[in-house]
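In: Please find the sequence and the predicted model below.
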Amino acid sequence: MAIAAVFFARIANISKTPYARQVDLNIPTPPIFCYYHDKTYLKKGNLNKTLKLILTNMLFAAIYAAVCYVAYYYFVRPTLAIWPAAGLGVGAVIIWRGRIIPGLLLGELLNSLLIYKVHQQFGWNVDTLYNFLFYTLNIARPIIAGTWVVHVLGNQLLLLNFRSVAKFFLFAAIIPMAVTSLLFIILLNQVGFFTDDNFFTKSFLWYIGDIMSVLIFTPIMLTLFAQPRSLWRIRIVSLSLPVLVSFILIYLLFNSFRQFQIDRVNEGIQSQLSVLVNQFKQGPQDIDQLLNNLQQQDPVYTVKHYVVRVYQLNGNQRQLIYYNKDVRVSRFKDYIHESQIRIGDTDYVLFIAPNNDLFLANTPQSLWLTLLVGIFFAAFITFIMLILSGKNYTIAQTVAERTKDLNKTNEKLAQTNLDYKRIIESHPVIFWKVNIKEDQIKFVSTEAKSLLGYPVKQWLTEPHFLMGKIHPDDLSRFKQALFQKIFKHQNITISYRIRHADGGYRWFKDTLYLPEDFDQTQEIMGMMVDINDEKTNAQKIRHLAFHDPLTNLPNRQQLQQVLNELIRQGQSQQEFGAVLFLDMDRFKVLNDALGHHFGDQLLLKISNRLKLYQDEFNLIARFGGDEFVLVTNCEYQSANDAAVQVVMLAEDIIQTLAKPYQIDHHQHICTVSIGVSIYPNESNTVNDIIRQADVAMYRSKEQGRNQVTMYHQSMKQHNDQILYVEQVLRHAVNEDSFILKYQPMVNSDRQIVSFEALIRIFQDGRTIYPDEFIPVAEDTDLIQSLGRWVISNACFTASESGHNISINVSSKQFHQQGFIKYIEQIISQFNIKPNSLTIELTEGVVVGNFNEIQYKFNRLKEFGVQIAIDDFGTGYSSLQYLRQLPIDFLKIDKSFIDDIQSDDNAEVIIRTITSMARNLNLKTVAEGVETEAQFQLLKKLGCDFFQGYLFGHPGDLHTILEPAAKS
C-alpha cells in the first residue's frame, strides 16, 4: 500500500507540472497495482517446462499488444466499444493462473511503448518510468476477474449449463469490470487525465468495452487453451468460429465509417485553420477577439486555452514552447493540421487539432447504437453457443458413459455365461428327467455313472429307480418338495442322500424345474450336484465350532446350549442336576516352567481321565485354559440328593486326577479344585449357574486347593462385597476421593518422630479400611493408581509440614515397572529432604528376583529414602535378606504386641527381634501399642520406636500436631 501511495503521488505531481503533456486515455486500464508469482516454477522444476513457460509468456505478450494496437488504431473513435485486452487477460489468468502474469506485464509495457508512447511524451527519465508502472496496473483487472471466476466455478471451467455460464459472465465481466473501471476512472480523474464533465460517460463506455471484451474474447481463449481439451476443442468450431465471424463482420461494417469520419473532421479542421491563419495574420493583438468570434460562430468549438508554439525554422534561433498546465493535448495525431505564417520578421506555425468533444459532437448517435448492438449480438452469440455446446457435450458424455457401461455389462454377461459354462462342465452334476405319473427316469446325463456308479441304462430301465435309491430318512422330504413344486409352480432346491453303487450314501443338492409343457408330459427335470464333500466339511466345521480342538471335548458354546436345555428339563420335571467347575492347581506354574507343549500334553491326559466318567455325566466340556465343566443329567429328586451324590463323585474325580502324570519320561503331580452348583435354582440362567460353580471352586482354592466345595448363598454375599468394594475403589480413583490419615510414631520419651500415612475410603456413611480394598486393588490392577495417589499426597504433606512421613507400598506396586522412576520424580517435585520419607514394605516383597530387588533398594537409598519392613515376623523372615538389603527399620507385627503380657513366647520373639536388629544396626518399631504396660515392657525389651492408639489414633495431621504444639 505504501508503494502504491508513493506511485500515485508521483503520477499526480507529474500531471500538474507546467511542462507535462497529458494524454486523453480511452482504453480501460485497471487502477490496481499487484504482484503475483506461481511457486511451482520457483521450486526445482524441469528446464523444458521453464523454457516453454517463458515462450508462452512472450508469445502471449506479443499477441496481447498486437490486438490492442489494432483495436486502438482501427476501431471507430473516440472511445472504443470493445477493448480486447480485458478479455484476453481474463482468459489467460483462468487458463494459466499466475504463470501468465509476466506475459500480461510485458504486454502492458508494449502497449505503453506502441500505443500510449509514454517515452515520447516525457522522454526517457524517472517520470517515464512511473508512467510505465502506472499503465502496468492494467494487469490487476484480469487477475482479479480470473481469480474470482476460478474461486466461484472451480479449477476446471466446464460451463455446461445456463447457471454456470451466467455465473461466468457475472463474476468474470459484469461485477469485476464495473468495480475496477469505476475505480480507475476515479483515479485518472484525480490525477488530472479527465475532467468531471465527461466522467460518467467515460466510465460507462469504458465499462461496456471491458464487458464486451470478456464476453467475446475470453471464451475464445478458453476454446483454444483451456482444459479439459476434450470439451473445449469441439467448441472451437461451435463457439469460436461463429463469434469470430460475427465480430469480424461488425468490424468490417463499422470500420468503413472510419475514413468518412476522418474526412469530415479534417474538412472542418482545415476550414477553421484557414480562418485562424487569416485572422492571425492581422496581428497577434486580435487573437483573443478572433477566438471569441470563432466560438460564437460554432459553439461546438469551445476554446478554453490557447497554446503558442514558436519553432525555429532556420538559422540558429532557439525554439520557444509555451504550455499551459491545464491544457488537454489531443492524442488524435491523424487529425492535426498546421499552417506556416509570417508575422513581421518572424515565422510561426499554427497548429489545430480536435478534442474528444469534437468527435462526440460529430459522431451520429445511431452509429454508436448500432455498434453497441452489434457487439452485444456477438456477446449474445457467445452466451448461447456456450450453453448449447455445453449441453451437447453433456449429452455426448452421457451417451459415451452409458455406451461404455453397456459394453462393460455385455462383456461381464458374456464372461458370466462363459464362467457358468465352465463351472457346470467342471462340477459333478447329473441332469435328469422323471415322469411323475409313471415314476420312471426318462433322461439322465452321462455323469450319473461316474458319480453314483450306476450305468445310464439302469437309471432308465429300473422301475422306481430314483425313489428307491434315496435315503429313507430323506425320502419324505424329497416327495414333499416334489409335489410342492408341482402345485406351486416354483423352483425348489433340496439336499438329500442317495445310495451309491458301493452301498454308501452320498449327499446331493437337487434343483427341480417344472417345464412349461408339464400338463401334457407330466415330466419334471432336475439338476443334481454332488455336495458330499461340502457336507463332510460342514460337519467338520460344526464339530470344530462346538468342540475344543486340543482335547476334542465339547467347548463352552456347546456347554451353554446343553446346560440351557437341561435347566428347562429340570424345571419342567422338577428334578435336579449339578454343574462341577474344575480348575487345575498350579497348572500355570508348570506350564510357564516347562513350556506350552508340556501344558498341552498335560491337558490331554487330564481330559482322557475325565472321559472315564462319561457315563456319570451328560457333558464333559473344556471351559477354557485349564478349566473344565462337568454337567450331570436332571436325575435327582431333590437338591440335597444331588449335592450328596455329586460331592462323592467329585471327590472320586479329585483322587483320579491327583495321580501322577507320565510326560516326557517324568512324572508330574497336578491336583484339582472343584466347585459344585445345583440346578435349577433361583438363578436359572446358564451363566449364573456356571458362575456359582466357579465361585465355589475359588473357595476351594482359598481353603488349600485339591478339594471340593458346594456353592451356597454366603459365597454370593462375599463376592457381592468384593464387587461393591471394587466399585467404590474405582469411584475413588476416578473422583480422587481417597482420604489420608496420619498416625504418630514416638520414641521412648513419647516425642513424635514421624507419621505413618494411612489411606481410607469414606463411602455410604462408613469407612472402608485398606485390608478390605488393597487386595481388590491388587487383583484389578488399580494398585498403581491408588499407590501413586498415596505417595504424591503424603510427599506433599511432608514437604508442607516438614515432618517425616512413612508410606505403605504393596509388593505388587513395588515390583511394577517405573516405580523407582516415579519415586525419584516425586522427591524432586516436592523437594523432599533426605531421610524424611520412609517406605514400608512387607516381607513378601523380597520373593522373586533378588538382584532386581537389591537394585531397587539401593536406588531408594540413593534418593535419601528410608526403608522399613512392615509386619516383621509374620511372613518371609530370612536373615539373608536382612543382611544384604539396606533396611533401616523392622516393624514388629501387632499380633506379637497383643500377646506380650499373656504369652511368654511372644515376649521371647520380640526380645529376639530387637536383639537381632540391634546387632544388624537396625531400628525397631512396635506397632499396635495400646496400653501403658505394653509400652513399658517394650521399652525394657529394647524397642526404639512405638506406634499405636496409646499415642494417638489416625487423624488429620494438623489435629494431631495442635495439642503437641500447645504442650
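Out: Arrived safely.

In: Next secondary structure after the lowest-mean-pLDDT helix or strand in the chain?
Out: Counting by mean pLDDT, DSSP states H and E, the chain has its least confident helix or strand at helix 2-16, which shows a mean of 32. Downstream of helix 2-16, the first helix or strand assigned by DSSP states H and E is helix 47-74.

In: what's that next one packed up against?
Out: The contact analysis (3 or more CB pairs under 8 Å, 6 or more residues apart in numbering; DSSP states H and E) places helix 47-74 against helix 84-96, helix 101-111, helix 241-281. All C-beta atoms are positioned from the backbone trio N, CA, C, and that covers glycine.

In: ok, of these, where does mean pLDDT dip lowest?
Out: The minimum mean pLDDT among these belongs to helix 241-281 (a mean of 69).

In: Under a three-state scheme, what state does V676 occupy?
Out: When classified by DSSP: H, G, I helix; E, B strand; the rest coil, V676 comes out as strand.

In: Any idea what it is bridged to?
Out: L580, M710 (DSSP bridges).

In: which residues touch it?
Out: Shown in contact with V676 (CB atoms under 8 Å, 6 or more residues apart in numbering): 578-581, 643, 646-647, 650, 693, 696, 708-711.

In: wait, is K442 part of a strand?
Out: Yes. Counting by three-state DSSP, K442 is part of a strand.

In: how does this structure divide into domains?
Out: Under the assignment automatic domain parsing, the domains of the chain span 2-24+34-261, 427-531, 547-711, 725-966.

In: want to throw the ones you listed into JSON lines with distance to E267?
Out: As requested, those are exported to JSON lines (distance: least, CB to CB, whole Å):
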{"stretch": "domain 2-24+34-261", "distance to E267": "11"}
{"stretch": "domain 427-531", "distance to E267": "101"}
{"stretch": "domain 547-711", "distance to E267": "113"}
{"stretch": "domain 725-966", "distance to E267": "103"}
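
In: Would you single out the least confident of those?
Out: Looking at these, the weakest mean confidence is domain 2-24+34-261, a mean of 74.

In: just how off-centre is the lengthiest helix in the chain within its chain?
Out: Ordering each helix of the chain by length in residues (DSSP state H) puts helix 365-426 first. In terms of CA atoms, centre = their mean, to the nearest Å, the centre of helix 365-426 is found 36 Å from the chain centre.

In: ok, now stretch 783-795?
Out: That offset, for stretch 783-795, works out to 37 Å (CA atoms, centre = their mean).

In: still on that earlier bit, find the pair from the contacts of V676 with maximum spatial separation.
Out: F581 and A643 (14.6 Å; CB to CB).

In: With neighbour numbers in mind, choose between those two.
Out: Remark: of F581 and A643, F581 carries more neighbours, 27 against 19, as counted by other CB atoms under 10 Å.

In: Go ahead and confirm that one touches I689.
Out: No. The pair F581 / I689 is not scored as a contact, 9.8 Å apart, by CB atoms under 8 Å.

In: Now do the shared contacts for those two.
Out: By CB under 8 Å, 6+ apart, the residues touching both F581 and I689 are S677.

In: what about the residue lying closest to F546 once chain neighbours are set aside, is that helix, strand or coil?
Out: Sequence neighbours aside, Q558 is the residue nearest to F546 in space, at 4.0 Å (criterion: CB to CB, 6 or more residues apart in numbering). Following three-state DSSP, Q558 is assigned to helix.

In: neighbours of Q558, just the number please.
Out: Close neighbours of Q558, defined as other CB under 10 Å, add up to 17.

In: now do the one 10 residues further on
Out: By the other CB under 10 Å criterion, the neighbourhood of R568 contains 13 residues.

In: Now it: which helix or strand?
Out: Per DSSP H and E: helix 556-573 holds R568.

In: which helices and strands does that helix pack with?
Out: Using 3+ CB pairs under 8 Å, 6+ apart, the elements in contact with helix 556-573 are helix 532-546, strand 577-584, strand 619-624, strand 627-631, strand 672-679, helix 686-702.

In: Reformat these into a markdown table and put distance to W459 next to each item.
Out: Output for the helices and strands packed on helix 556-573, formatted as a markdown table (distance: least, CB to CB, whole Å):
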| stretch | distance to W459 |
| --- | --- |
| helix 532-546 | 19 |
| strand 577-584 | 53 |
| strand 619-624 | 46 |
| strand 627-631 | 50 |
| strand 672-679 | 55 |
| helix 686-702 | 51 |
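
In: so how far is E651 from the residue lying closest to Q901 once chain neighbours are set aside?
Out: Closest residue in space to Q901, ignoring its immediate chain neighbours: A933 at 6.2 Å, by CB to CB, 6+ apart. A933 is 51 Å from E651, where distance means CB to CB, to the nearest Å.

In: What residues sit buried inside stretch 948-960?
Out: 948, 950-952, 954, 957, 960 (16 or more other CB atoms under 10 Å).

In: From the residues you listed, pick the one nearest M527.
Out: Closest approach to M527 among the buried residues of stretch 948-960 (CB to CB): P954, at 86.0 Å.

In: Go ahead and confirm the closest one touches L740.
Out: No. Using CB under 8 Å, P954 is not in contact with L740; the gap is 9.2 Å.

In: Which neighbours do these two have in common?
Out: Among the neighbours of P954, those also in contact with L740 (CB under 8 Å, 6+ apart) are 758, 760.

In: Spatially central residue for this protein, please.
Out: Centroid-nearest residue in the chain: G154, 24.3 Å away (criterion: CA atoms, centre = their mean).

In: any idea how far that residue lies from F217?
Out: Computed as CB to CB, the G154 to F217 distance reads 22 Å.

In: returning to that earlier point: isn't there a helix covering the residue nearest to Q901?
Out: Yes. Judged by three-state DSSP, A933 forms part of a helix.

In: From I909, how far out is it?
Out: 18 Å.

In: again, but for S748
Out: S748 sits 20 Å away from I909, going by CB to CB.

In: can you check L559 too?
Out: Separation of L559 from I909 (CB to CB) stands at 52 Å.

In: How about E616?
Out: 52 Å.

In: higher neighbour count, these two?
Out: Comparing E616 with I909 by other CB under 10 Å, the one with more neighbours is I909, at 18 against 15.

In: helix or strand for the residue nearest to the more buried one when sequence neighbours are not counted, which one?
Out: Closest residue in space to I909, ignoring its immediate chain neighbours: F896 at 5.7 Å, by CB to CB, 6+ apart. In the assignment (DSSP H and E), F896 maps to helix 894-898.
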